[in-house]
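> got a structure for you, letters missing:
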């Protein structure tokens with residue numbers, strides 16, 4: 001009975017978030033979304049990266065997806081034996097020729113349901129460089145969740161306050177990820193012995209873990225994963241800041257070249273917008 005009640009609550013939130021995305025952000029998705037569209041099983045993603053190399057985004061490192069949690073962790077152990085850093089995440093929703101919602105969303109908070117729904121709708125509107133698109137989806141979902149609860153419940157509501165806190169935490173975590181990814185990337189470029197690089201890496205990863213609010217251990221796999229989302233977030237936030245509304249910012253993002261090979265062109269468009277509006 002409780003699970004059925006939660007299913008109804010989640011589906012209602014998904015419908016409200018989809019309506020908000022369409023009416024308030026100009027992001028129309030043609031098919032009604034609900035948890036009934038979910039894959040039968042929760043999916044687990046494994047990312048594996050060499051111990052002394054950082055990559056641009058998680059599309060460039062080894063990846064395995066499987067509904068069997070034990071099997072994924074067995075594969076992760078095998079990668080570790082072969083000298084890889086690993087990260088295992090639980091996939092709650094994804095966009096791939098349509099939006100799919102997994103049953104993981106039933107265990108999420110209401111705020112996480114709203115964010116995940118909007119995040120995937122953002123993906124359905126774009127076809128950009130991997131990291132650029134994830135950065136846009138990450139910031140738009142976060143800022144949109146604040147607007148969603150302001151519109152739905154008002155600024156004095158606990159849900160609105162939670163959305164604001166989570167957005168501030170996202171900004172904080174993104175900046176820590178960017179800082180330590182760049183520090184570690186520079187270490188790997190130095191002409192020093194590998195054992196010294198590993199020692200510095202261990203120290204930097206421990207420092208990052210002590211500052212971040214994430215549960216995952218920091219290593220090359222997790223830093224590459226989180227950097228995929230964080231890389232352009234400061235620029236994306238500035239676009240949102242200088243736009244007349246979040247809807248206008250979304251329109252700019254939607255106007256970027258829909259080709260994953262135009263990374264530099266899309267970034268220059270964003271930089272041009274920021275420099276013009278800062279004056």
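Structure's in. What do you need? Keep in mind that this is a model prediction, so the values were computed, not measured.
> switch to C-alpha atoms for all contacts and neighbour counts from now on
OK.
> among the helices and strands of this protein, which has the poorest mean pLDDT?
strand 93-95 (a mean of 73; mean pLDDT, DSSP states H and E).
> can you tell me the strand partners of that strand and which way each runs?
Sheet pairing here is set by DSSP bridges, and for strand 93-95 it gives strand 99-101 (antiparallel).
> chain center to the strand it pairs with, what's the gap?
In terms of Cα atoms, centre = their mean, to the nearest Å, the centre of strand 99-101 is set 15 Å apart from its chain centre.
> what about it, average pLDDT?
Regarding strand 99-101, the rounded mean pLDDT is 76.
> which other helices and strands contact the helix or strand just after it?
Proceeding N to C from strand 99-101, the next assigned helix or strand is helix 110-125, under DSSP states H and E. Helix 110-125 is packed against helix 2-25, strand 93-95, strand 99-101, helix 130-153, helix 158-189, with contacts defined by 3 or more Cα pairs under 8 Å, 6 or more residues apart in numbering; DSSP states H and E.
> returning to what we had before: ok, and what's touching the least confident helix or strand of the chain?
Applying Cα atoms under 8 Å, 6 or more residues apart in numbering, the external contacts of strand 93-95 come out as 99, 100, 101, 102, 105, 116, 117, 120, 121, 123, 124.
> from these, which two are the most distant?
For the contacts of strand 93-95, the maximum inter-member distance is 18.8 Å, found between 105 and 124 (Cα to Cα).
> which of those two has more neighbours?
Neighbour totals were compared for residue 105 and residue 124, and residue 105 leads with 23 against 19 (other Cα atoms under 10 Å).
> check contacts around that one.
With Cα under 8 Å, 6+ apart as the criterion, the residues that contact residue 105 are 10, 35, 92, 93, 112, 113.
> export the residues you listed to TSV and tack on neighbour count and distance to residue 237?
What follows is the contacts of residue 105, written out as TSV (neighbours: other Cα atoms under 10 Å; distance: Cα to Cα, whole Å):
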residue	neighbour count	distance to residue 237
10	22	28
35	20	30
92	22	25
93	23	23
112	18	20
113	24	22
